[in-house]
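Engineer: Predicted model, plus sequence, below.
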Protein chains: 2
Amino acid sequence: MRMVDDRSGAFIEILKDLFPHTGKAHIIGITGNPGAGKSTLTDRLIAAFRAQQKTVCVIAVDPSSPYTGGAILGDRIRMTRHATDEGVFIRSVATRGHLGGLSRSARDMVRVCDAAGFDVVMVETVGVGQDELEITRTAHTTVVVMAPGLGDDVQAIKAGLLETADVFAVNKADREGADATVRDLELMLALGGEAMIALSKTRGHGAVKAASADVAADALHERPDSRWVPPILRTVASRDEGTTALVLEIERHRAWGKDSATGRDRTLARESEEMREYLREALIEAAVADLGDELSRTVHDVAEKKLDPYSATERLVAMFRRGQKE
Amino acid sequence: MRMVDDRSGAFIEILKDLFPHTGKAHIIGITGNPGAGKSTLTDRLIAAFRAQQKTVCVIAVDPSSPYTGGAILGDRIRMTRHATDEGVFIRSVATRGHLGGLSRSARDMVRVCDAAGFDVVMVETVGVGQDELEITRTAHTTVVVMAPGLGDDVQAIKAGLLETADVFAVNKADREGADATVRDLELMLALGGEAMIALSKTRGHGAVKAASADVAADALHERPDSRWVPPILRTVASRDEGTTALVLEIERHRAWGKDSATGRDRTLARESEEMREYLREALIEAAVADLGDELSRTVHDVAEKKLDPYSATERLVAMFRRGQKE
């Protein structure tokens, strides 16, 4: 399966053939800040799903350089205990230097694993960039892993990351500050991430917490049944604590996604976004291949200020559509 | 200048008109992990450039949600002391939910500020995602701000981030661990980020440091003169320490970029990448506008597995090129 990073014509043909066989796996995104313990937790989840006789594929997306194409692969080492298990397949994928490339590679890998018949496909990413957020859209269920004491609370909050969460795992829950992290999450779910951040900046973090504890508790129970309220679970992955409860919530979310109207709408929205991503990538690739030298000439013209980049873009789009290379 | 986030046809026309007036500002990227003190340092740099009678524009890019379009704006508050200074313009820009949108908005803002005659344009971003890395490509000079004690060294390393650096500022240099951060950076510059990470994973972080101190010192001086070796500066932005030295290195880098062949090559490479980004965005926008309902129909067909997404993409690209809506 090494060739999955490649996107030759032959590989696309394979993906086409595989597509009718996809749709059976439960695709789970595991994301969170560096140091939250994602890899250890993923390792525990693998074991839990294996105990249910499910086969598991893990796609680990590593932040990597757009300049050298290299990747940081360290964490994979922690999962090697599954290396001899035939029911487990673990693969790292790294970006190939272009915007969107990371999410596309990951998405293709997910499809291959799905078609290959794996029951569970986990995509583990560092939840820091736009690319990584795109990847979580591939998942049916996204688990956001937090840990107490990972630096400045407010600065560490990525609004987008919080909003992708279907299930929160507060990992390293035996550490000091875990209760505070859980309370912060409850509050944020109640108020919405934006509101809370704004509030804490103007009125002070402590004040917000004190004043809003009741609001949080109320709001969590006020939501209509058709909406999914992300549960917040405590885990200590290093000691395998909380894994079973986490698996239960992950599976409950999958059932909601399949059975509720809101869940099905979300699935369609995700697929629509995927299609747009494929289209975006295909268009630029075709244009770069077609326009070739014209593109280089245009860059030089813009650099010398003979042409502005906006008019240049319009001209290139028009050329591409006409299929001409003037 | 509120409309700069917008991309209506009229706005594009304004950008075209402004383009011939661009090219005079020194564009400086300020990036680094959350908590490194970027905003405080930017504030000090504003004051330093103002003391030179230079006008300064700051574009602060906030990580924001692809789901709500909201942004985290807290840090801007720290810069309000410049709010009454006519020679300073500060603006936050947030992504509008699509991949690449963040870098495009920021790039347009940079051009507007450049054309408006600002001497210095600073773009401050959180150095965490692909999008943010793209933004640093807009800059002539990128300052990567680090701080000691921001968690797990190896996990915190973003190879791409390190490689965008023209100047390193080790901020909060009065804190414990600052010497270690400086040594790590020296080592990484000598060995290259990838190499060091690999080494530290296999042989242990301490061992690598001890063994390679000499290598680092040597390598820093062995490089040919035409290459730019990123200087590593210590700053304590909260007390305005090290600001002058930082400004000097930033200006030295600008001179190198203008006067050396390597510097000019780099500029052209950056402009080429920008052009490609413009093209990418223009293509998907034109395609979505053109294909309209056909795109929605295709998404449904793929969702129902009547069509695979790869064949669907090919069909949509072909339709777009023919300008037909079957």
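Structural biologist: Thanks, I have the structure now.
Engineer: Would you mind stating the distance between A:Glu290 and A:Arg264?
Structural biologist: If you look again at residue A:290, you'll see it is Asp, not Glu. To A:Arg264, A:Asp290 is 39 Å away according to CB to CB, to the nearest Å. In this view, the C-beta of every residue, glycine as well, is placed from N, C-alpha and C.
Engineer: of the two, who's got more company?
Structural biologist: Neighbour count, other CB atoms under 10 Å in any protein chain shown: between A:Asp290 and A:Arg264, A:Asp290 has more, with 17 against 14.
Engineer: Could you list the low-pLDDT ranges of the stretch 51-200 of chain A?
Structural biologist: Applying pLDDT under 70 to the stretch 51-200 of chain A flags the ranges A:62-81, A:83, A:94-103, A:126-133, A:150-162, A:192-200.
Engineer: Output stretch A:301-315 in PDB with nothing but the alpha carbons.
Structural biologist: The C-alpha trace of stretch A:301-315 is given here as PDB (Å, rounded to 0.1, in the frame of the first residue of the first chain):
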ATOM      1  CA  ASP A 301       5.800  39.600 -15.900                       C
ATOM      2  CA  VAL A 302       4.200  40.100 -12.500                       C
ATOM      3  CA  ALA A 303       7.600  40.300 -10.800                       C
ATOM      4  CA  GLU A 304       8.700  43.000 -13.200                       C
ATOM      5  CA  LYS A 305       5.300  44.800 -12.600                       C
ATOM      6  CA  LYS A 306       4.400  44.500 -16.300                       C
ATOM      7  CA  LEU A 307       1.200  42.800 -15.200                       C
ATOM      8  CA  ASP A 308      -0.800  42.700 -11.900                       C
ATOM      9  CA  PRO A 309      -1.400  39.300 -10.400                       C
ATOM     10  CA  TYR A 310      -5.200  39.700 -10.500                       C
ATOM     11  CA  SER A 311      -5.400  40.400 -14.300                       C
ATOM     12  CA  ALA A 312      -2.700  37.600 -14.800                       C
ATOM     13  CA  THR A 313      -4.900  35.100 -12.900                       C
ATOM     14  CA  GLU A 314      -8.000  36.000 -15.000                       C
ATOM     15  CA  ARG A 315      -5.900  35.600 -18.200                       C
END
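Engineer: Tell me which residues of that stretch come out buried.
Structural biologist: A:301-303, A:307-314 (16 or more other CB atoms under 10 Å in any protein chain shown).
Engineer: Widest-spaced pair of those?
Structural biologist: Greatest spatial distance in the buried residues of stretch A:301-315: A:Ala303 and A:Glu314, 17.9 Å, computed using CB to CB.
Engineer: For the nearest residue in space to A:Ala173 that is not next to it in sequence, name its beta-bridge partners.
Structural biologist: Nearest residue to A:Ala173, sequence neighbours excluded (CB to CB, 6 or more residues apart in numbering or on different chains): A:Arg234, at 3.6 Å. Going by DSSP bridges, A:Arg234 is paired in beta bridges with A:Val170.
Engineer: buried stuff in the host helix or strand of A:Ala47?
Structural biologist: Assigned by DSSP states H and E, A:Ala47 belongs to helix A:38-51. By neighbour count with 16+ other CB under 10 Å, helix A:38-51 contains the buried residues A:38-50.
Engineer: can I get the residues you listed in CSV with distance to chain B and pLDDT?
Structural biologist: Converted to CSV, the buried residues of helix A:38-51 look like this (distance: CB to the nearest CB, whole Å; pLDDT from 0 to 100):
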residue, distance to chain B, pLDDT
A:Lys38, 10, 86
A:Ser39, 10, 85
A:Thr40, 13, 89
A:Leu41, 15, 94
A:Thr42, 15, 92
A:Asp43, 16, 91
A:Arg44, 19, 94
A:Leu45, 20, 96
A:Ile46, 21, 94
A:Ala47, 23, 94
A:Ala48, 24, 96
A:Phe49, 25, 97
A:Arg50, 26, 94
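Engineer: can you put those in JSON lines and add distance to A:His253?
Structural biologist: Output for the buried residues of helix A:38-51, formatted as JSON lines (distance: CB to CB, whole Å):
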{"residue": "A:Lys38", "distance to A:His253": "18"}
{"residue": "A:Ser39", "distance to A:His253": "22"}
{"residue": "A:Thr40", "distance to A:His253": "21"}
{"residue": "A:Leu41", "distance to A:His253": "16"}
{"residue": "A:Thr42", "distance to A:His253": "17"}
{"residue": "A:Asp43", "distance to A:His253": "21"}
{"residue": "A:Arg44", "distance to A:His253": "18"}
{"residue": "A:Leu45", "distance to A:His253": "14"}
{"residue": "A:Ile46", "distance to A:His253": "18"}
{"residue": "A:Ala47", "distance to A:His253": "20"}
{"residue": "A:Ala48", "distance to A:His253": "15"}
{"residue": "A:Phe49", "distance to A:His253": "15"}
{"residue": "A:Arg50", "distance to A:His253": "20"}
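Engineer: and A:Val58, what does it touch?
Structural biologist: Contacts for A:Val58 were tallied using CB atoms under 8 Å, 6 or more residues apart in numbering or on different chains; they are A:42, A:46, A:79, A:88-91, A:121-124.
Engineer: Got phi/psi on it?
Structural biologist: Backbone torsions of A:Val58, given as degrees, to the nearest 10, read phi -120, psi 130.
Engineer: So what pairs up with it in the strands?
Structural biologist: As for beta bridges, A:Val58 partners with A:Ile90, A:Met122 under DSSP bridges.
Engineer: Let me know the distance separating it from chain B.
Structural biologist: 18 Å (CB to the nearest CB, to the nearest Å).
Engineer: tell me, which of the buried residues of stretch A:301-315 make contact with chain B?
Structural biologist: A:302-303, A:308-314 (CB under 8 Å from any CB of the partner chain).
Engineer: so A:Asp85 sits in a helix?
Structural biologist: No: A:Asp85 is assigned coil when assessed by DSSP: H, G, I helix; E, B strand; the rest coil, not a helix.
Engineer: which residues touch the closest residue to it other than its chain neighbours?
Structural biologist: Of all residues not flanking A:Asp85 in the chain, A:Arg50 sits nearest, at 6.8 Å (CB to CB, 6+ apart). Listed by CB under 8 Å, 6+ apart, the contact set of A:Arg50 reads A:56, A:82, A:85, A:87-88.
Engineer: could you redo the last one with a cut-off of 7 Å?
Structural biologist: A:56, A:85, A:87-88 (CB atoms under 7 Å, 6 or more residues apart in numbering or on different chains).
Engineer: And A:Ala303, by the same measure?
Structural biologist: Contacts of A:Ala303 (CB under 7 Å, 6+ apart): B:268, B:271.
Engineer: Which among the contacts of A:Val58 count as buried?
Structural biologist: A:42, A:46, A:79, A:88-91, A:121-124.
Engineer: what domains does the record give for chain A?
Structural biologist: Using automatic domain parsing, the domain ranges for chain A come out as A:2-259, A:261-326.
Engineer: Could I get the full set of strands for the stretch 101-250 of chain A?
Structural biologist: A:120-126, A:141-146, A:167-170, A:232-234 (DSSP state E, counting those that start in this stretch).
Engineer: Nearest to B:Trp228 among those strands would be which one?
Structural biologist: Among the strands of the stretch 101-250 of chain A, strand A:120-126 sits nearest to B:Trp228 (CB to CB), with 29.0 Å.
Engineer: Tell me the helices and strands packed up against the closest one.
Structural biologist: Applying 3 or more CB pairs under 7 Å, 6 or more residues apart in numbering or on different chains; DSSP states H and E, one finds that strand A:120-126 contacts strand A:26-32, helix A:38-51, strand A:56-62, helix A:101-115, helix A:130-136.
Engineer: list the contacts for A:Asn178?
Structural biologist: Wrong residue type there; residue A:178 is Ala, not Asn. A:148, A:170, A:234.
Engineer: top of the residues you listed by neighbour count?
Structural biologist: Busiest of the contacts of A:Ala178 [other CB under 10 Å] is A:Val170, holding 26 neighbours.
Engineer: Do I have it right that that one meets A:Val182?
Structural biologist: Yes: under the criterion of CB atoms under 7 Å, A:Val170 makes contact with A:Val182 at 5.4 Å.
Engineer: Need the overlap of contacts for these two.
Structural biologist: Common contact partners of A:Val170 and A:Val182 (CB under 7 Å, 6+ apart): A:232, A:234.
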